[in-house]
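Student: Pasting the sequence and the predicted model now:
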Amino acid sequence: AEQIIFAARPKGLPDSKTFKTVTVDLPELQQGEVLIKPVYYSVDPYMRGRMNDTKSYIPPFEVGQPIESGGVAAVAESMDSNFQPGDLVMLTSSRPLLPWATASIYNATHLKKIDNSVPPSYYLGILGMPGLTAYFGLLDIGKPKAGETLVISGAAGAVGIVVGQIGKIHGCRVVGIAGGTEKVKLLTDVFNFDAAIDYKGNQDMKSSVAAACPNGVDIYFDNVGGEISDGVMANMNTFGRIPLCGQIALYNSTEVPVGPRVQPIMITRSLLMQGFTIGNYASRFGEGFKALVEWVKQGKLKYTETTMEGFDKLPEAFLALFAGKNQGKLIVKV
Ligand code: NDP
């Protein structure tokens, strides 16, 4: 099988030296084991953090070992009566990430079949980690109320697009920030956002946000950080909430980023800012999944994906996240 291994820890933006393709021989399949081949992979911004050798909520990638990410696979051969060739599977939560390998062998106890009444890639996006992140981050920390103004950075991505629509379901006025005129149009025309700001075409974020939010900002769902967030923070209303979901603008920085200190604004406006990782909500995934499925079936939650094709495209797809090449969830179809 071919594997894409983590070849070297990057400084700044990863590049071709970060990844290496190798060929390995797989052992013979034993009783109780299943040979699986990937069908869809998710590439996610948090994987950049795993490339640094620092303490985090998830261990760093090991140099010389395959990269791993969320994935859906198909059974190719089975020595377990519960799995037949062709079954679509995901790895169970004790070891949920799929190695970047064209084939791998698992004990059947590590696999679960997925229900194919929705497109299988949805389990990596709207009904998977990004969808749950949007659901719990917005509802548990953002606590949206009808009539409030919700601003989202990284709004046209996997998480952001879901946050905005859940905000609409809860009666908020929803304003998205994303890069480029095409994404801004997607947000307002397809996903019903009330307004959207193209940060690439608007250098002064503070006044762009003020213009798009005449009543100020009650909730800021932050996927991005950096100067975009500095501009939004200046527009926060008293008792505003800030779920800190991601800081992708900073993931490749090689220096400690310095910006306006937000503490004075937070004190004088009684703001609440809380970081979170989706794992905090593991015991409530069932609740989130049920709500997301329901909204998808009712047509209240729409979705879009950007799909790149081919196992060898995985590194390029991962890097595309940092160039903003995706609309909605970025998926690699093998
Ligand atoms: P996206 O689908 O949103 O893809 C990343 C997007 O980030 C790009 O499309 C791009 O959009 C934007 N981006 C990239 N670089 C920059 C930059 N320098 N400045 C501003 N925007 C940038 O990814 P996800 O929806 O999967 O993740 C969104 C955020 O949420 C990430 O920060 C991620 O780490 C975080 N996250 C956190 C989780 C948690 O548990 N806390 C779980 C899942 C995700 P554009 O064209 O608009 O620039």
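Tutor: All right, it came through fine. Residues are numbered from 1 along each chain as shown.

Student: What segments of the stretch 51-200 of the chain are helices?
Tutor: 129-136, 158-169, 181-185 (DSSP state H, counting those that start in this stretch).

Student: could those be laid out in TSV, adding mean pLDDT and mean neighbour count?
Tutor: Just so you know, the C-beta spots here come from the backbone N, C-alpha and C atoms, and that holds for glycine as well. Shown next, in TSV, are the helices of the stretch 51-200 of the chain (pLDDT from 0 to 100; neighbours: other Cβ atoms under 10 Å):
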stretch	mean pLDDT	mean neighbour count
helix 129-136	98	25
helix 158-169	98	26
helix 181-185	98	17
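
Student: domain parsing for this protein?
Tutor: Domain assignment of the chain by automatic domain parsing yields the ranges 2-125+304-333, 129-279.

Student: any idea which of those is most buried?
Tutor: Mean neighbour count (mean count of other Cβ atoms under 10 Å) peaks for domain 129-279 among the domains of the chain, with a mean of 20.

Student: Endpoint to endpoint, it covers what distance?
Tutor: Domain 129-279 stretches 9 Å from its first residue to its last (Cα to Cα, to the nearest Å).

Student: returning to that earlier point: now render the domains of the chain as TSV, adding distance to residue 296.
Tutor: Formatted as TSV, those follow (distance: least, Cβ to Cβ, whole Å):
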stretch	distance to residue 296
domain 2-125+304-333	7
domain 129-279	9
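
Student: and the gap between the residue positioned nearest the centre of the chain and residue 186?
Tutor: Residue closest to the average C-alpha location in the chain (Cα atoms, centre = their mean): residue 130, at 4.4 Å. Distance of residue 130 to residue 186, given as Cβ to Cβ, to the nearest Å: 17 Å.

Student: Also residue 58?
Tutor: 31 Å.

Student: cool, and residue 259?
Tutor: As judged by Cβ to Cβ, residue 259 and residue 186 stand 28 Å apart.

Student: where exactly do the helices run in the stretch 201-334 of the chain?
Tutor: 205-212, 226-233, 263-268, 285-297, 314-320.

Student: The ligand contacts on the stretch 101-250 of the chain?
Tutor: Residues of the stretch 101-250 of the chain found near the ligand (Cβ under 6 Å from any ligand atom) are 129-130, 133, 154, 156-160, 178-180, 183, 223-224, 228, 245-249.

Student: swap the cut-off to 8 Å and go again
Tutor: 129-130, 133, 137, 153-161, 177-180, 183, 199-200, 223-226, 228, 244-250 (Cβ under 8 Å from any ligand atom).

Student: so who does the residue in the stretch 51-200 of the chain positioned nearest to the ligand touch?
Tutor: Residue nearest to the ligand within the stretch 51-200 of the chain: residue 157 (1.7 Å; Cβ to the nearest ligand atom). Contact partners of residue 157, counting by Cβ atoms under 8 Å, 6 or more residues apart in numbering, are 178, 223, 326, 328-329.

Student: now with 7 Å?
Tutor: Counting by Cβ atoms under 7 Å, 6 or more residues apart in numbering, residue 157 makes contact with 223, 326, 328.

Student: Please identify the nearest residue in space to the second one, excluding sequence neighbours.
Tutor: Right, the one you point to is residue 326. residue 306 (4.1 Å; Cβ to Cβ, 6 or more residues apart in numbering).

Student: ok, now residue 279?
Tutor: residue 57 (6.4 Å).

Student: quick one: the one you found and residue 303, what's the gap?
Tutor: 27 Å.

Student: follow-up on the earlier one: let me know whether the residue nearest to residue 326 touches residue 323 as I believe.
Tutor: No. Applying Cβ atoms under 7 Å as the test, residue 306 and residue 323 come out as separate, 11.8 Å apart.

Student: Now find how far off-centre stretch 30-41 is within its chain.
Tutor: 25 Å (Cα atoms, centre = their mean, to the nearest Å).

Student: Looking at that stretch now, give me its mean pLDDT.
Tutor: Confidence over stretch 30-41 (mean pLDDT, whole number) is 98.

Student: Now do it: everything it contacts.
Tutor: Residues contacting stretch 30-41 (Cβ under 7 Å, 6+ apart): 29, 69, 71-80, 83, 88-89, 98, 102-108, 111, 120-121, 124, 314, 331-334.

Student: do the same with stretch 301-310
Tutor: 121, 125-126, 161-162, 165, 190-191, 292, 295, 316-317, 326-333.

Student: re earlier: so the residue nearest to residue 279 makes contact with residue 282?
Tutor: No. Taking Cβ under 7 Å as the definition, residue 57 is not a contact partner of residue 282, at 11.7 Å.
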